[in-house]
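J.: Need coordinates for the below:
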Amino acid sequence: MFLSKIGHLKAAIHRPLEGHVKTATVRKTAAGKWFVCFSCEVEPEPLPKSSGAVGVDVGLKDIIATSDGESVSAPKFLRKEEKELARTQRRPSEAPQGSRERAKRRKIVAKVHERIKNKRTNFAHQQSRKLVNRYGFVAAEDLSVKRMTKNRCRSKSIADAAWTDLIEKLSYKAEWAGREFVKICPAYTTQDCSCCGQRQVMPLDKRVYDCPNCGLSLDRDTNAARNIKRLGLESLGVA
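T.: Down below sits the predicted model:
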């Protein structure tokens with residue numbers, strides 16, 4: 001690999017480059033790893049047409065709940081690594097400030113954070129790809145995650161879920177594949193009955209939506225996903 005003003009460098013390219021390379025960005029992570037990111041100009045690759053439509057509700061218990069009644073449990077990568085992270089975070093303070101040993105121990109902490117981030121990213125790529133491959137129309141919540149993380153009781157769990165990353169990957173994959181994708185305001189999607197439209201208060205500890213008007217009994221997240229799908233189709237003028 002040859003970079004302007006730098007010269008020839010060895011690089012492990014994990015997959016062949018496609019299209020016309022426009023830029024190359026070299027960066028070093030906190031864990032001490034070097035990466036080069038290529039920006040390439042390529043043509044979209046539409047997938048075969050699909051008439052399927054789905055609404056996607058994201059949450060903390062099930063990170064994905066679809067209008068078809070399917071769900072994916074939240075992986076909780078940060079929670080699973082908390083003990084390891086806490087152990088490595090204590091070690092730098094035990095070394096003299098400014099020493100090589102302290103820098104070495106801080107790099108170990110960075111590696112744990114990097115591992116958690118990589119797991120989240122890989123998970124988001126896999127789940128968004130499955131949805132885009134399967135459905136021709138996808139509607140998802142347009143969440144204000146920054147506002148939601150102000151809740152101290154759930155801020156860590158919300159950050160660990162990484163909803164924004166999942167929705168962003170779902171959005172660009174859908175565009176690349178020629179699918180329809182829309183974001184829907186999440187207001188009242190959990191409180192409204194997806195069958196008759198009856199609205200009721202739904203505390204967070206109530207996991208089943210029981211409609212007092214039409215008798216619908218449904219998982220609260222599936223009910224919300226059905227409302228998201230309906231609102232998404234309406235936004236495109238589809239009855």
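J.: Listing request: residues of this structure with sub-threshold pLDDT.
T.: 239 (pLDDT under 70).
J.: so where do the strands sit in it?
T.: All strands of the chain, identified by DSSP state E, fall at 2-3, 7-8, 20-28, 34-41, 53-57, 62-66, 71-73, 137-141, 180-184, 208-210, 217-219.
J.: do you know which of those strands lies nearest residue 152?
T.: Residue 152 lies closest to strand 62-66 among the strands of the chain, at 21.0 Å (CB to CB). From N, CA and C alone the C-beta is placed, and that goes for glycine too.
J.: what angle sits between the closest one and strand 137-141?
T.: 140 degrees (axes from the mean of the first three to the mean of the last three CA atoms, to 10 degrees).
J.: Any idea how far apart the tips of stretch 179-191 sit?
T.: End-to-end distance of stretch 179-191 (CA to CA, to the nearest Å): 29 Å.
J.: what does that stretch rub up against?
T.: Applying CB atoms under 8 Å, 6 or more residues apart in numbering, the contact partners of stretch 179-191 are 47, 50, 55, 57, 132, 135-143, 167, 170-171, 173-175, 199-202, 209, 220, 223-224, 227-228, 231-232, 235-236.
J.: One more: stretch 227-238?
T.: By CB under 8 Å, 6+ apart, stretch 227-238 touches 53-57, 67, 137-141, 180, 182, 184-186, 188-190, 192, 194, 239.
J.: In CSV, list the strands of the chain along with mean neighbour count and distance to residue 105.
T.: Output for these, formatted as CSV (neighbours: other CB atoms under 10 Å; distance: least, CB to CB, whole Å):
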stretch, mean neighbour count, distance to residue 105
strand 2-3, 10, 32
strand 7-8, 8, 34
strand 20-28, 10, 18
strand 34-41, 11, 21
strand 53-57, 25, 41
strand 62-66, 22, 32
strand 71-73, 14, 34
strand 137-141, 25, 40
strand 180-184, 19, 42
strand 208-210, 16, 48
strand 217-219, 14, 45
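J.: Could I have the buried ones of the contacts of stretch 179-191 as ChimeraX selection syntax?
T.: Per 16 or more other CB atoms under 10 Å, the buried members of the contacts of stretch 179-191 correspond to this ChimeraX selection:
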select :55,57,132,135,136,137,138,139,140,141,143,167,170,171,173,174,202,209,220,223,224,227,228,231,232
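J.: Mind giving me the packing neighbours of the lengthiest helix in the chain?
T.: Counting residues, the longest helix found in the chain (DSSP state H) is helix 100-134. The helices and strands touching helix 100-134, judged by 3 or more CB pairs under 8 Å, 6 or more residues apart in numbering; DSSP states H and E, are strand 53-57, strand 62-66, helix 77-90, helix 163-176.
J.: can we see that at 10 Å?
T.: strand 53-57, strand 62-66, strand 71-73, helix 77-90, strand 137-141, helix 155-161, helix 163-176 (3 or more CB pairs under 10 Å, 6 or more residues apart in numbering; DSSP states H and E).
J.: right, and these - which one's nearest residue 117?
T.: Across the helices and strands packed on helix 100-134, closest to residue 117 is helix 77-90 (CB to CB), at 8.6 Å.
J.: circling back: want to throw the strands of the chain into a markdown table with distance to residue 110?
T.: Output for these, formatted as a markdown table (distance: least, CB to CB, whole Å):
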| stretch | distance to residue 110 |
| --- | --- |
| strand 2-3 | 25 |
| strand 7-8 | 28 |
| strand 20-28 | 11 |
| strand 34-41 | 14 |
| strand 53-57 | 33 |
| strand 62-66 | 25 |
| strand 71-73 | 28 |
| strand 137-141 | 32 |
| strand 180-184 | 33 |
| strand 208-210 | 43 |
| strand 217-219 | 39 |
